[in-house]
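the amino acid sequence is not available; the structure is as follows:
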Ligand code: F0G
């Protein structure tokens with residue numbers, strides 16, 4: 001049975017069940033691989049107690065307006081669960097006693113206006129919700145606090161994940177905070193040093209496997225059936241519940257007036273599924289009155305969802321051999337593809353792909369606005385430009401990009417871009433030329449006033465990057 005809730009007067013805990021999206025099977029508990037015991041598909045958490053009253057449901061027995069003011073009031077509180085930008089919205093999460101919450105004060109991420117990028121893309125209002133401002137530098141922390149807390153509650157000694165880098169960094173940190181051990185499986189040579197170094201620093205047992213991410217995830221799924229380790233990939237539905245908070249916090253920041261579009265990068269497709277689930281739940285609970293269109297962007301070299309939708313109508317997964325410099329989304333066999341197809345269809349969103357060069361340009365433009373992000377996050381802006389040209393995003397519409405990772409997550413990419421050798425020796429070498437106006441390579445000078453003044457003068461005459 002679900003554990004007891006964080007006690008608060010007048011609030012009923014959000015009792016939850018595991019629900020198979022494919023065959024509809026409902027259960028109180030789940031097996032270690034979080035697969036449906038009947039059909040083997042992924043499970044989702046549902047809340048049977050959210051009762052319908054009139055046309056709208058109620059979470060925790062209270063109305064939408066009361067929820068909004070309760071969440072606002074909690075911003076003045078100094079308890080760990082209220083300081084967390086995830087647990088502050090706990091009425092929409094599975095119930096858990098506060099004593100088991102493992103938190104690093106995740107969430108609470110900024111929503112930036114992006115006027116320069118808006119001009120480039122040709123939209124009137126563009127915002128970036130920067131999930132890279134989370135404690136370990138990526139959106140993973142919002143899901144990890146929930147999944148790690150439930151692992152803690154269940155008494156697991158070991159938690160484990162397969163990762164392209166960010167999940168492992170985040171899981172290792174939350175394991176350490178919760179007094180658990182962590183096992184990380186990453187593809188050897190295919191993740192950024194900066195993410196790998198985080199896992200080491202937080203004390204994970206880190207295995208670099210001679211395979212890709214998809215191979216790591218396959219192995220992990222076998223491992224959890226053989227060893228007492230609890231898996232914290234986004235197959236774990238508690239991760240999805242925590243990642244919903246991104247969308248809830250975003251709506252609160254927009255005063256509950258949804259934007260027309262939300263654009264997110266797609267890898268294993270847990271995040272898009274989580275954002276979509278949150279939007280649908282918020283609509284059903286009367287917290288928002290209409291749904292933004294949720295769209296997913298991938299790179300051309302890791303475009304499993306794009307192909308699945310275009311070539312198979314979203315009915316069966318088309319896996320690919322993924323190859324992209326956006327190592328975070330170098331995934332060819334996304335686990336949550338069915339969930340993502342469902343939320344794209346439910347919100348009226350779309351899926352698009354961008355080239356390596358388009359991604360690199362978009363990243364430099366986001367950086368030039370003083371915001372910065374890791375390469376995988378920049379596909380959102382590159383994708384937006386395409387969606388505007390195609391007329392999918394229309395004149396006058398408001399758009400929010402989800403920046404999933406911090407600029408400092410992949411310094412090699414940024415340095416190679418600015419030095420001009422990012423695409424050296426690759427098929428994209430000639431396409432890379434238009435990017436030169438955005439490059440700002442470091443300048444080595446003699447330590448004289450004259451040399452610095454001359455450089456300043458030259459720079460002042462040259463046109464700004466964007
Ligand atoms: N952006 C970043 C920075 C990521 O690290 C990831 C996924 C994604 C986007 C895609 O999100 O998988 O939910 O569709 N990183 C995972 C990891 C796979 O292991 O760190 P998704």
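Okay, I see it. This is a predicted model, so every value here is computed, not measured.

rest of the way, CA atoms for contacts and neighbours
Noted.

residue 293 pairs with what?
residue 261 (DSSP bridges).

tell me the phi and psi of the closest residue to the ligand within the stretch 351-466 of the chain?
In the stretch 351-466 of the chain, the residue that lies nearest the ligand is residue 405 (4.2 Å; C-alpha to the nearest ligand atom). The phi/psi pair for residue 405 (degrees, to the nearest 10) reads phi -140, psi 150.

let me know the pLDDT of the closest residue to residue 195 other than its chain neighbours.
Spatial nearest neighbour of residue 195, excluding adjacent residues (C-alpha to C-alpha, 6 or more residues apart in numbering): residue 165 at 5.1 Å. pLDDT, residue 165: 98.

same question for the one 10 residues further on.
In this model, residue 175 is scored at 98, pLDDT.

now it, what's its secondary structure?
helix (DSSP: H, G, I helix; E, B strand; the rest coil).

what is the neighbour count of it?
27 (other C-alpha atoms under 10 Å).

try the one 10 residues further on
Residues lying near residue 185 (other C-alpha under 10 Å) number 23.

kindly report the same for the one 5 residues further on.
As a burial measure, residue 190 scores 22 neighbours (other C-alpha under 10 Å).

returning to what we had before: the residue nearest to residue 195 and residue 185 touch, don't they?
No. Between residue 165 and residue 185 no contact is recorded; they are 9.4 Å apart, counting by C-alpha atoms under 8 Å.

can you pull the contacts of the residue nearest to residue 210 when sequence neighbours are not counted?
Residue nearest to residue 210 in three dimensions, not counting chain neighbours: residue 188, with 5.4 Å by C-alpha to C-alpha, 6+ apart. The neighbours of residue 188, taking C-alpha atoms under 8 Å, 6 or more residues apart in numbering as the test, are 208, 209, 210, 211, 212.

let's have these in JSON lines, adding pLDDT and secondary structure.
Listed next are these as JSON lines, based on pLDDT from 0 to 100; DSSP: H, G, I helix; E, B strand; the rest coil:
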{"residue": "208", "pLDDT": "98", "secondary structure": "strand"}
{"residue": "209", "pLDDT": "98", "secondary structure": "strand"}
{"residue": "210", "pLDDT": "98", "secondary structure": "coil"}
{"residue": "211", "pLDDT": "97", "secondary structure": "coil"}
{"residue": "212", "pLDDT": "96", "secondary structure": "coil"}
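
ok, the residues you listed vs the ligand, which is closest?
Closest to the ligand, out of all of the contacts of residue 188 and judged by C-alpha to the nearest ligand atom, is residue 212, at 11.2 Å.

now do the closest one against residue 374, distance only.
Per C-alpha to C-alpha, to the nearest Å, residue 212 is found 20 Å from residue 374.

okay, now the unreliable bits of this protein?
By pLDDT under 70, the weakly predicted segments of the chain are 1-13, 52-56, 463-466.

switch the cut-off to 80
1-14, 51-57, 60, 432-434, 463-466 (pLDDT under 80).

how about the residues of this structure by the ligand?
Proximity of the chain to the ligand (C-alpha under 6 Å from any ligand atom) is limited to residues 163-167, 265-271, 328-329, 376-377, 404-405.

which of these fall in helices?
Cross-referencing the residues of the chain next to the ligand against helices under DSSP state H gives 166, 167, 270, 271, 376, 377.

tally of neighbours for the second one?
Yep, that's residue 167 we're talking about. 28.

who touches it in this structure?
140, 161, 233.

now do the helices in the stretch 151-300 of the chain.
166-177, 193-201, 213-226, 237-243, 245-253, 270-284 (DSSP state H, counting those that start in this stretch).

name the element the spatially closest residue to residue 177 that is not a sequence neighbour belongs to?
In this structure, residue 177 finds its nearest non-sequential neighbour in residue 102, 6.6 Å apart by C-alpha to C-alpha, 6+ apart. Counting by DSSP states H and E, no helix or strand carries residue 102.

thought residue 102 was touching residue 145?
Yes. Using C-alpha under 8 Å, residue 102 is in contact with residue 145, at 5.8 Å.

of these two, who's got more company?
Using other C-alpha under 10 Å as the criterion, residue 102 and residue 145 rank with residue 145 on top: 31 against 26.

against which helices or strands is the strand or helix carrying that one packed?
Assessed by DSSP H and E, residue 145 sits inside helix 140-153. Secondary-structure packing of helix 140-153 (3 or more C-alpha pairs under 8 Å, 6 or more residues apart in numbering; DSSP states H and E): helix 166-177, helix 237-243.

what is the neighbour count of residue 397?
Residue 397 has 14 neighbouring residues, counting by other C-alpha under 10 Å.

can you pull the contacts of it?
Here residue 397 is in contact with 123, 124, 125, 259, 260, 261 (criterion: C-alpha under 8 Å, 6+ apart).

could I get these as JSON lines with distance to residue 76 and neighbour count?
Listed next are those as JSON lines, based on distance: C-alpha to C-alpha, whole Å; neighbours: other C-alpha atoms under 10 Å:
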{"residue": "123", "distance to residue 76": "35", "neighbour count": "20"}
{"residue": "124", "distance to residue 76": "34", "neighbour count": "15"}
{"residue": "125", "distance to residue 76": "30", "neighbour count": "18"}
{"residue": "259", "distance to residue 76": "27", "neighbour count": "20"}
{"residue": "260", "distance to residue 76": "30", "neighbour count": "17"}
{"residue": "261", "distance to residue 76": "31", "neighbour count": "24"}
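
report the contact partners of the closest residue to the ligand within the stretch 1-150 of the chain.
Of all residues in the stretch 1-150 of the chain, residue 138 sits closest to the ligand, at 6.1 Å by C-alpha to the nearest ligand atom. Neighbouring residues of residue 138 by C-alpha under 8 Å, 6+ apart: 131, 132, 166, 170, 404, 405, 406.

switch to 6 Å and redo it
131, 132, 404, 405 (C-alpha atoms under 6 Å, 6 or more residues apart in numbering).

quick check: phi and psi at it.
The phi/psi pair for residue 138 (degrees, to the nearest 10) is phi -150, psi 170.

residue 58 now?
Residue torsions, per degrees, to the nearest 10, at residue 58 are phi -130, psi 130.

residue 398 bridge partners, please.
Those that pair with residue 398 in a beta bridge, by DSSP bridges, are residue 125.

report how many residues lie close to it.
Residues near residue 398, counting by other C-alpha under 10 Å: 19.

my read: it touches residue 127, true?
No. Contact criterion C-alpha atoms under 6 Å: residue 398 and residue 127 do not qualify, at 8.1 Å.

and the one helix or strand residue 382 maps to, what other elements does it pack with?
Per DSSP H and E: residue 382 is located in helix 375-389. Counting by 3 or more C-alpha pairs under 6 Å, 6 or more residues apart in numbering; DSSP states H and E, the packing neighbours recorded for helix 375-389 are strand 261-265, helix 356-368.
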